[in-house]
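**Q** Kindly return the folded structure for what I paste below:
(3 chains)
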Amino acid sequence: MTLNHYLVLSAILLGIGLLGVLTRRNIIVVLFSIEILFNAANLNFIAFWRFGPNPEALMGPMFALFAIAVAAAEVAVGLALVIAVYRHFKTVDLEKLDTLREP
Amino acid sequence: MNVMLYSMEIAMVLSGLGILMLDLGTPARGKRDLGYLAAFLMSLLLLQSVFMPEVQDGFSLLSSGHSITEGPGYKLDAFARYFKHLFLLAAILVLLMAVDFAGTLRARLAEFFALVLFALTGMSAAASATNFITLFVSIELITVSFYVLTSFQRGQMRSLEAGVKYLILGAAASAVLVYGIALVYGATGSMEFAALGKACPSAEHDHLLRLGLLLVIAGLGFKIAAFPFQIWVPDVYQGAPAPVTAFLAVGSKAAGFALLMRLCHHLRPDLRELTLTVLAALAGATILYGSLCALRQRNLKRLFGYAGIASAGYLLLGLLALNAQPGASPSGAQGCHAMMFYLAGYLIAVMAAFTVLCHLDGEDEDLSVLAGLHARSPLLATVLTLSVVSMAGLPPLMGFLGKFLLLQSAFEVLSPHPAQLWLMVVALGGVVISLYYYFGILRAIYWGGGISPGRPAGESEAITVPPLARLLLIACGLILLWVGIFPQALLEWLGDAVALFR
Amino acid sequence: MIEGVAFYILSTVAVLGALLAVSRRNLVHGVFALLLFFAALSGLFVMLMADYVAAVQVLVYVGAVGILQLFAIMLTEHVTGDDLRRLGARGWFWGLMLAVALPVVLLLPPLLNGEPPVPPAAPQSTARQLGSQLMEHYVVPLEVLALLLTGALIGAVAVAHGPEKDPPGKDRPA
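**A** Residues are numbered from 1 along each chain as shown, chains lettered A, B, ... in the order given. The predicted model follows:
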């Protein structure tokens, strides 16, 4: 397996994630897609580290760890917001949140 | 490792955690005072850092024998200090604004104040970041705190909605940023900004680096609200509580620009051709979009949102100088000088305007709530006028010189590229358009339909402003005037701060 | 040989899992597809010798995030939300365009790359080195991250906590 294999896989996953963010209107599914995006980036980090010039420096895995933690925190806040929104709007559909818009 | 290097961030975190602890023993009536306490602590920190910066150096001298200004991924230079001061000032004003605003926040005030301090810590760390790991965690600390702060009025639909929209778009932008950093890492094999100045091993790596840089610029472009990434701005600005909007407008934007400045500073000359083109296009589109959309706005917070987009465009003009070829006539320092001056003026003007907004009793922020403000509270009307005129960039206020310096540096950078002079046309056009929409605010204050028969009589009552807020408003107004007329002191101070970019 | 088979199996699972997660109407099916995706990525990390990251991936994503999402689904929508079916027509088109265009642009450099880099010798277990580096070189980002998690925790409670003094009648459309 070469670096190219992993880069191609990561690019495909990036595309799937973007597709989800841009087309789905359910907040929970959009959060799924965002996690797929973060994971695609993490795959890149690990692959570049494995095939990179100095694997002793461990910068790739280090950043991946930070990214995993940050993504988890974002999702936690996101899901808390989903629950609060559901309580008020009785929906998790982004298109139905329209109290804020151009007059 | 030297702890004193991080003393400002540590003080901010400890204050935040202390407020959370004190909250446990504070009766409901006293919760507001925690905001005063936080603002007081941050004022002490600001005063210490401005007037006695040697205290920190003294400690590091004692502990290690020599003065340390650099740690891994972190640098405490004059540039970082200037931005830390800006952020501290913004946080103090926001905290005091929030205390007056506490009535509408209703619950969990201590958490609100603590999160403001956490966001401040993130901004402060971002100002010092010299590698991508510090950049990423500090940006994320800012953003995650703002997701919560935005949706803090959770009894209100629009606050929650703003929070959700900000979170969805912000998290997607963060993911793009991470992907970009991954590509840059793959190309350079390093996380340090300094590695951007070195040659790549092969052409493919170079291609990867360019792609990565574009994605990183896109991710940071979201934070500064540059054109294609600005879609969140109007809704979030409108829905968030007013103090949070002010902090978002100033702090988040300034942190993004500080990071962009550090990044661009390290770029290799041949990469600068790419970034110069991209940033010039972003700047033009941002100015045009912000100005045109602001024209037909009636909601004050949305209007300030679009005006904020336009000012992000002007600030990007200053960034162009950093991306000119080395040795070109305006050095990068000149552009940074202009940006930092403009940011200071923008901070004061925005804070003053939003403090005024907090004291207007109108439930919605339609322009018509300003009607007759000069009769109801001459102070609020005067300060809002000063701040709006400063944002419009009219002399003799602070905003004039900021905008002038930015345009001047951009003009000098672009003069060798006649094809890009269209950007100057757009920028000047934006200035003219901005006069129109800012004048709309003034018209609403002084000539608005204050005597229209439909208004209830009670609305023409005088507005009482608490003494502390009055003091702050007067101070903001005076600073805008004073620094606008005598900018020499600030400009000299900035001269030290941008020495890095010479 | 075995490595190649494993790679193709894992990547197929990952791509299918991701596709299902973003396209299923039934949210619970979506979560399980997503868990599959996380697990497949963790397998890929093992293949790339990043053992510690793989373990964290399982613990954080498959464990914590997955469960969190299940909870959120249970607390909000009926499990098969009917209103999820509709994809906004315009958004769908642009999303598809971007989702196709961006990977193509990102794929160009590796595909142009004639000679693939040779993988260096496999490093030993990374956990120990990661730990010591976190405590030395990366201690400041680690602390900032800790603050971020604290902020997220406080924020999540502040936002999602049950209704209190806020009278519901105070809601006002802007």
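**Q** Which strand or helix spans the residue of the stretch 1-150 of chain B found nearest chain C?
**A** Residue of the stretch 1-150 of chain B nearest chain C, by CB to the nearest CB: residue B:148 (3.0 Å). For the C-beta atoms, the positions are set from N, CA and C on the backbone; glycine is no exception. In the assignment (DSSP states H and E), residue B:148 maps to helix B:132-150.
**Q** and the next element down the chain from that helix?
**A** Following helix B:132-150 in sequence, per DSSP H and E, is helix B:157-188.
**Q** can the helix or strand following that next one be found next to chain C?
**A** Per DSSP H and E, the first helix or strand lying C-terminal to helix B:157-188 is helix B:203-224. Yes: shown here: helix B:203-224 in contact with chain C (CB under 8 Å from any CB of the partner chain) through B:204, B:207, B:208, B:211.
**Q** Among those, which one lies nearest to chain A?
**A** Using CB to the nearest CB, residue B:208 comes nearest to chain A of those, at 8.9 Å.
**Q** Let me know how buried the closest one is, in neighbour terms.
**A** Number of residues near residue B:208 (other CB atoms under 10 Å in any protein chain shown) recorded here: 26.
**Q** so who does it touch?
**A** B:183, B:184, B:186, B:187, B:200, C:109 (CB atoms under 8 Å, 6 or more residues apart in numbering or on different chains).
**Q** hey, where'd the helices end up in chain C?
**A** Read by DSSP state H, chain C holds these helices, from start to end of the chain: C:2-23, C:27-47, C:51-56, C:66-75, C:89-112, C:127-135, C:139-160.
**Q** Could you do the stretch 251-400 of chain B as well?
**A** All helices of the stretch 251-400 of chain B, identified by DSSP state H, counting those that start in this stretch, fall at B:253-265, B:269-295, B:300-322, B:332-359, B:373-376, B:378-392, B:398-414.
**Q** so which of the contacts of residue B:208 also contact chain A?
**A** B:183, B:186.
**Q** Mind telling me what element the residue of the stretch 201-350 of chain B found nearest chain A is part of?
**A** As assessed by CB to the nearest CB, chain A sits closest to residue B:235 within the stretch 201-350 of chain B, at 4.2 Å. Here residue B:235 is covered by helix B:233-239, with elements defined by DSSP H and E.
**Q** Could you pull up the mean pLDDT of that helix?
**A** Across helix B:233-239, the average pLDDT comes to 90.
**Q** does any part of it sit near chain C?
**A** Yes: with CB under 8 Å from any CB as the criterion, chain C is reached by helix B:233-239 at B:238, B:239.
**Q** Repeat that for stretch A:65-82.
**A** Yes: on the criterion CB under 8 Å from any CB, stretch A:65-82 is in touch with chain C at A:65-66, A:68-77, A:79-82.
**Q** ok, and the most crowded of these?
**A** Comparing the residues of stretch A:65-82 next to chain C by number of neighbours (other CB under 10 Å), residue A:81 comes first, having 29 neighbours.
**Q** The helix or strand where that one lies close to chain B?
**A** Taking DSSP H and E as the criterion, residue A:81 maps to helix A:59-89. Yes: shown here: helix A:59-89 in contact with chain B (CB under 8 Å from any CB) through A:59-60, A:62-63, A:66-67, A:70-71, A:73-74, A:77-78, A:81-82, A:84-85, A:88-89.
**Q** The helices of the stretch 251-400 of chain B: lowest mean pLDDT?
**A** Note on these: helix B:373-376 shows the lowest mean pLDDT, a mean of 82.
**Q** Buried residues, that one. List them.
**A** By neighbour count with 16 or more other CB atoms under 10 Å in any protein chain shown, helix B:373-376 contains the buried residues B:373, B:374, B:376.
**Q** Tabulate these (JSON lines), appending distance to chain A.
**A** Conversion of the buried residues of helix B:373-376 to JSON lines gives the following (distance: CB to the nearest CB, whole Å):
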{"residue": "B:373", "distance to chain A": "21"}
{"residue": "B:374", "distance to chain A": "25"}
{"residue": "B:376", "distance to chain A": "25"}
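**Q** how about the residue nearest to the spatial centre of chain B, what does it touch?
**A** In chain B, the centroid-proximal residue (CA atoms, centre = their mean) is residue B:250; its distance is 2.5 Å. Contact analysis of residue B:250 by CB under 8 Å, 6+ apart lists B:86, B:90, B:343, B:346, B:347, B:350, B:351.
**Q** is any part of stretch B:216-225 close to chain A?
**A** No: with CB under 8 Å from any CB as the criterion, chain A is not reached by stretch B:216-225; the gap is at least 10.9 Å.
**Q** per-residue pLDDT, the residue nearest to residue B:218 when sequence neighbours are not counted?
**A** Among residues not flanking residue B:218 along the chain, residue B:176 sits closest, at 5.6 Å (CB to CB, 6 or more residues apart in numbering or on different chains). Residue B:176 is assigned 92 on the pLDDT scale.
**Q** Would you mind measuring from residue B:176 to residue B:418?
**A** Distance, residue B:176 to residue B:418, by CB to CB, to the nearest Å: 34 Å.
**Q** quick one: which of those two has more around it?
**A** For residue B:176 versus residue B:418, neighbours defined as other CB under 10 Å are more numerous around residue B:176 (25 against 8).
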